Structure formats: C-alpha cells, structure tokens
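> Show me how the following folds:
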Amino acid sequence: NKTAFGRSHIQQVLYIRPQTSKVNDWCTIGNMAASAVRAQQLLGALVVTLLLVPSVFCDVYMHNPRGSNNRLNERTANRANGNRLFDSQNNNKGGYNVGDEGQGSDGNGQIRYYEGSEFPIEWTAQHGCGNGKLSCQMVIQYMCDCPDCGNKPLRDGTSTATPSTDNDNTATGLHEDQGYYAKCVTRDRNKGLFTADQNLRGNSAKYTRQNPNGNRRGLECPEERDYYPYWHPSPWVDVAVLTEDTDRCPFYREESENVKGKGFCGTNIKYNNEAACQEASTRQDVGWLTSKPHKHYRPSLKTVDCQKSEFTRDNHLGNRISDAQAPTYQWTVPSVAEACESDGTTKCRCVMRLRYNISTLDYSWETNSTFNGNQNIRDGFPSPVQDNPDVNPGTDTGLRLAMNTNQYGRTFQDRSHIFEILPRPAAVPANARIHNINVRGKRGNIVQCYPAVEYDFTPNNLTIKAGDWVQFQWTGSNTHDNNPPAGDGQAGDDGEGTGGTDRSNVVQIDDRNDNYPTLFSNLTMWPTDSDIAQRVVPADDWTHMKLVFSHAAAGKSSAPDPLLNNASPTYRGPLMKMTEKGMFHYMCTRNNNFSNRSQKGTIIVE
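Predicted structure coming up:
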C-alpha cells in the first residue's frame, strides 16, 4: 500500500462488510491492493470522495451568476452570517448581495434566463487548478423547483438568519429543505472514510473530517457536501466536473445521479447500506430502495460533463493562462420542463452551486478508515498526516509543518442567489442560439471589493454567428455600501453615483480604446427602424430602445439621471437578433472610470 505520488487525490471507495464487523458497522474502504481487502465481501457500488486542501483562505468565489458566499442584503463589507444557507469555508468578505429591483432593497432582482440560452459560469479560486501544485476538481451543479406546481419554493429570503430545522419561516432563505436535513442527521455516517486524527463527535452523516463537530450550515448535509459523487439521493443535478485527471471521467459519468439512482433505507432511515437495512426491517417495513435517477423525470438530461481543468495560477484568485480571462464553464440553460419537472409553461426558480475540491499529494487517494487515528502507527499502517507534525529532513533539529488534518484535503463552495428560467418566446425558433451578456462585479475599488471583483461585462468578448440572438441583462444591489466591519480587508465603496448602488448601461463605442460613446445617428450595433419588428423580442420602437439601453430602463423617465441613479440595479433587456456581420464595441458610461476601471465589451458577428 504505497503512497501513489502524482495521482489524483480523489479517493475511490467500495462498500464492503469487513468479516469482523457487525452489520451496522459497514463502511467504505479504498481501492487498495492488500490481500486482506480483496478477501472482503463487496456489497455495493463505487463512490468517490473528495479529499481537499490545507489552507485558511483557499477560497472560491462565483462571479456569474453572482455568488452569494452566504451574503443577502447586509450593508457591511463582511457577511452577517457565514452559516446562512451552506458551508462555504470562504473569507467573510467575499460574495455579492442579492439583486434588487427599483430604488429599494426588495431582493426581487432575479436574473431571468430563457431556456436554451447560453452564458458563462465564471469564478476565481485562490489556489487555482491544473497548475501542477495540487490536485483539484471543480464540481458544478444546480437545483430548481416549481412554485407554480405546488412545490416548496427555493428562496433568497429577507433575513440573514439560518433556516430552522422545524418550522419553515419564509423570511429565511431556503435551498435544501427540512426533510432532506432530517434524513441526513438520522442516517449513519460512512465509517469507512479517512478522518485522519480528527475526533468525530457523532455517528450521523452530519459529522465529517472537515466538520467533526457536526455544525449546521443552512440545511445542507455535511457528508454530501464533502464527498462526490454521493452515495445517497441528493436534490442537486450535475452539470460538470472539471479535473486535471480525465482518466476518471468515465467513472464520474457512470456514477452521476443524473443517470444512476442512489440507495437508501425506506423505513429505517438510520441505516446507510442494504444489508443493515434489510436485517433491521420487518415484513411491514419498506426495506432498501434505489431512487430514480434525475433523468427519469427529465428525459433529455445527460450525465455529468467531465472536462480537463484549465491552468490557473495559485495564490492569486487569478485568470486562466489561455486568454487571461477568469475561468468559466459555458452552460446551456435547460428547458423549464427539464429543470423543474413541470409541463414547461411556467417559469421556475433555480440556484447554482460550485464546489472547489483541492488537495496536496502527500498521501494516496486510496487512503481509508484503516489509517485513522492519532498515533503514527495503526494496525501496521503508517498514518499519512497529523496536525502540525515536527519532521526531521536530516537536520539537527526538527521543522514544524503547518498542517490541520480537517483541512488537509478540503472542499470550498459558493452558490448563486436564486435565478429564474423562462420559456422561450414563440417568436424565437427552438433551434436559434441565444447568448446572454451579463455584468459581474460590485461597487468599490479593487481593494474594497476584493475578493469580489470590479464591474465588467461577462463575457466581454463574444463571437457569434449572424442570425444568433443576444440578450443584455444584469442584476445588482442597492445595499453594497461595504461599511465596517471589513475583517482583514478594506471598507468603502468608491465609485460614481449614489453610494452603495450597482448601476450599469450599454452604449456603443467606435473602438475598444475609446471612452466616448458613438453618436446615436451613427449606431450600427442595434436594429434599425426598418427591421426592428423582426429583430427585437418583445417588440419595441427604435427611439425608445436606444434610450432604454443607454439609460438602463431609466430612459422611461422624463428626466433620466446622467449617473443612472434613478435607474434600477437590475435590467432585463430585449432579445436582439444580430444579422449584420462585423465587430461591435460597447461600454458602460458610469463604471468606465478611466484609468483605473474599464467596463467594456465586444461582439463579433461572423
């Protein structure tokens, strides 16, 4: 059982029943070559565990859709409640406030994507990925509901409090619900997982190596959060896994819950494996069951998309090396019927989830529970890692390593605020491509908004075909004041216009180097009077449309404000069919604060 240096740090495990254990002590164990392991009785399906990275600030932040990092509407630089909806393990200063509509803080500024449209999921990760210094996986998932179908709706909420496990207070946000969390805290944890020298203080699935105290964050199940693909049913639908070890892609595709149901004990929820469940069940009980895969309810759903991760620099929250842009994954929005298991005629509400799984390669991904304990030798196997060990590389005195075993192998997470999926307008053919152009970032200079980012369009370089459709839309907040406390960051909200407010607009410019807008009489990017009826959905007139774009909906006012103060932070533009070939440049007048900020973009129509 040698340490497999250079291999990916995801652990492949098999459900087994050790010959000496009781039925209710079944566990998972690594894919090891030891003859003792081979002799065990294999009892279940393959799963994968994410063993992730040692650092206090190895954070991941989603910028499009805007990642909350558990923020809601607080006016402080630091978030108010890091346990609001999920366990991010990120810096308190990251994230974006929920979108508002109008001049108040109503939280109703949801982005609305048309089904079948495309947009880049964008993020930054502090330790990067694919750079040869660590093993990493990016796991992208989404979850939707259908409020019009009578299901319990997802919501952002109006209070920064954590939702209750008992009563459903609609003021708090809600992703996973109370029933899901109740199953998690009742079900036995997987005792075959590597926990190093951590003392897990309970036996349910809420206790993990990364969360040994079983602390609650929202209604998330800690075991499901820390391990992928999970071996019990989950409400999350897989989108993509980005990894430097693509040899594992066939495994991810096979084990994705999109296409494979997961097991659970029907009556006796406590038991986490089939044999223990069946042994404990009476004739009147419902025994071991397998859930239907997500594809059963969404026939067009495919398995997870597994791709090679792009090179991004570590210790930087930086861009990918290929084009100096932030790392992205291009997502095609599912249909309403597929996303929300509905008839497809009503909108549905969804949330996006990004997990960043990183680890060093100081111990093999086969490492399992036989290596657990706080001594150097356990059952004849050397323990691979311990808290803050003193090592002697041949010097006269030892050297202390900064290691925390509940972080050595670690998962970070960010989630979006709620967004909506709408049925495609009848005037736009089903096979037509729709490209979303959104706005990332928030108010403040680079230090004040860090680890969020300053304003920019995303994508800010878009190449499309003549006949494709484009929709400009964005959301923002009226509460990005960035007041103290700011923790180890800087408070303040430098910028143009009213403090604390996000505003954007779109005006054409002749060249990307320009900072003055093109005269209305010379515009080429927008439809003309003669073809606007065929190229704009919903229909609009040319004069009004120019004003709406340049003043971001404040153009409806008789006296639009030059700094867009009377505009809404959320704007949902019309769909525009791009028929003229060429290169078109545009900018935002308020946030393009030359020489220290640039909010510009380009559309190339081929």
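
> From now on I want contacts and neighbour counts done on CA atoms only, so please keep to that.
Fine.

> So, low pLDDT: which residues of the protein?
By pLDDT under 70, the weakly predicted segments of the chain are 1-58, 146-151, 374-383, 529, 541-544, 552-559, 595-596.

> In it, which residue is most central in space?
residue 354 (2.2 Å; CA atoms, centre = their mean).

> neighbours of the residue lying closest to it once chain neighbours are set aside, just the number please.
Nearest residue to residue 354 in three dimensions, chain neighbours excluded: residue 140, at 4.7 Å (CA to CA, 6 or more residues apart in numbering). By other CA atoms under 10 Å, 23 other residues sit near residue 140.

> So residue 140 sits against residue 241, correct?
Yes - using CA atoms under 8 Å, residue 140 is in contact with residue 241, at 6.4 Å.

> circling back: remind me what the helix or strand containing the residue nearest to residue 354 packs against, helices and strands.
Assigned by DSSP states H and E, residue 140 belongs to strand 135-145. If contacts are counted by 3 or more CA pairs under 8 Å, 6 or more residues apart in numbering; DSSP states H and E, strand 135-145 sits against strand 237-243, helix 336-340, strand 348-359.

> Quick check: the residue of the chain positioned farthest from its centre vs residue 402, distance?
Within the chain, residue 396 marks the point farthest from the mean C-alpha position, 47.3 Å out by CA atoms, centre = their mean. Going from residue 396 to residue 402 by CA to CA, to the nearest Å gives 20 Å.

> Using CSV, write out the CA atom coordinates for stretch 521-541.
Output in CSV follows, covering the C-alpha atoms of stretch 521-541 (Å, rounded to 0.1, in the frame of the first residue of the first chain):
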residue,chain,number,x,y,z
SER,A,521,-27.1,58.8,-35.6
ASN,A,522,-24.1,56.6,-36.3
LEU,A,523,-25.1,53.5,-34.3
THR,A,524,-24.6,50.1,-36.0
MET,A,525,-25.0,47.6,-33.2
TRP,A,526,-28.7,47.9,-32.7
PRO,A,527,-31.6,47.2,-35.1
THR,A,528,-32.9,50.0,-37.3
ASP,A,529,-36.4,51.3,-37.8
SER,A,530,-36.9,49.1,-40.9
ASP,A,531,-36.2,45.7,-39.3
ILE,A,532,-36.7,46.2,-35.6
ALA,A,533,-40.1,44.4,-35.6
GLN,A,534,-38.3,41.2,-36.9
ARG,A,535,-35.2,41.5,-34.7
VAL,A,536,-36.4,42.5,-31.3
VAL,A,537,-38.4,40.5,-28.8
PRO,A,538,-40.5,41.8,-27.2
ALA,A,539,-41.3,44.3,-29.9
ASP,A,540,-40.1,47.9,-29.2
ASP,A,541,-39.6,51.1,-31.2
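
> Going by neighbour count, list what's buried in it.
Across stretch 521-541, burial judged by 16 or more other CA atoms under 10 Å covers 523, 524, 525, 526, 527, 532, 535, 536, 537.

> The stretch 101-250 of the chain: strands as residue ranges?
112-114, 117-125, 135-145, 237-243 (DSSP state E, counting those that start in this stretch).

> could those be laid out in JSON lines, adding distance to residue 277?
Below are the strands of the stretch 101-250 of the chain laid out as JSON lines (distance: least, CA to CA, whole Å):
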{"stretch": "strand 112-114", "distance to residue 277": "43"}
{"stretch": "strand 117-125", "distance to residue 277": "40"}
{"stretch": "strand 135-145", "distance to residue 277": "29"}
{"stretch": "strand 237-243", "distance to residue 277": "26"}
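
> hang on, the earlier thing: okay, and the beta partners of the residue nearest to the centre of the chain?
residue 140, residue 414 (DSSP bridges).

> doesn't residue 413 make contact with it?
Yes - counting by CA under 8 Å, residue 413 is a contact partner of residue 354 at 5.6 Å.

> Quick check: buried residues in stretch 507-523?
Those would be 507, 508, 509, 510, 515, 517, 518, 523, for stretch 507-523 by 16+ other CA under 10 Å.

> and those, which two are the farthest apart?
Based on CA to CA, the longest span within these runs between 515 and 523 and measures 15.4 Å.

> Does residue 434 touch residue 467 like I think?
No - Residue 434 lies out of contact with residue 467 (CA under 8 Å); the separation is 9.8 Å.

> Between these two, which is the more surrounded one?
Using other CA under 10 Å, the more surrounded residue of residue 434 and residue 467 is residue 434, with 27 against 18.

> check contacts around residue 185.
204, 205, 206, 221 (CA atoms under 8 Å, 6 or more residues apart in numbering).

> ranges for the helices of the stretch 151-300 of the chain?
178-186, 222-226, 249-255, 274-280, 294-297 (DSSP state H, counting those that start in this stretch).

> Next, the buried residues of the first one.
Going by neighbour count (16+ other CA under 10 Å), the buried part of helix 178-186 is 178, 180, 181, 183, 184, 185, 186.

> For the second one, give me its contacts.
The one in question is residue 180. Shown in contact with residue 180 (CA under 8 Å, 6+ apart): 219, 221.

> Can you give me the distance of residue 156 to residue 352?
In terms of CA to CA, residue 156 sits 13 Å off from residue 352.

> more crowded one of those two?
Between residue 156 and residue 352, counted using other CA under 10 Å, residue 156 has the larger neighbour count: 28 against 24.

> ok, for the more buried one, nearest residue in space, not its chain neighbours?
Nearest non-adjacent residue to residue 156, counting by CA to CA, 6+ apart: residue 173, 4.4 Å away.

> And residue 175, by the same measure?
Closest residue in space to residue 175, ignoring its immediate chain neighbours: residue 154 at 5.5 Å, by CA to CA, 6+ apart.
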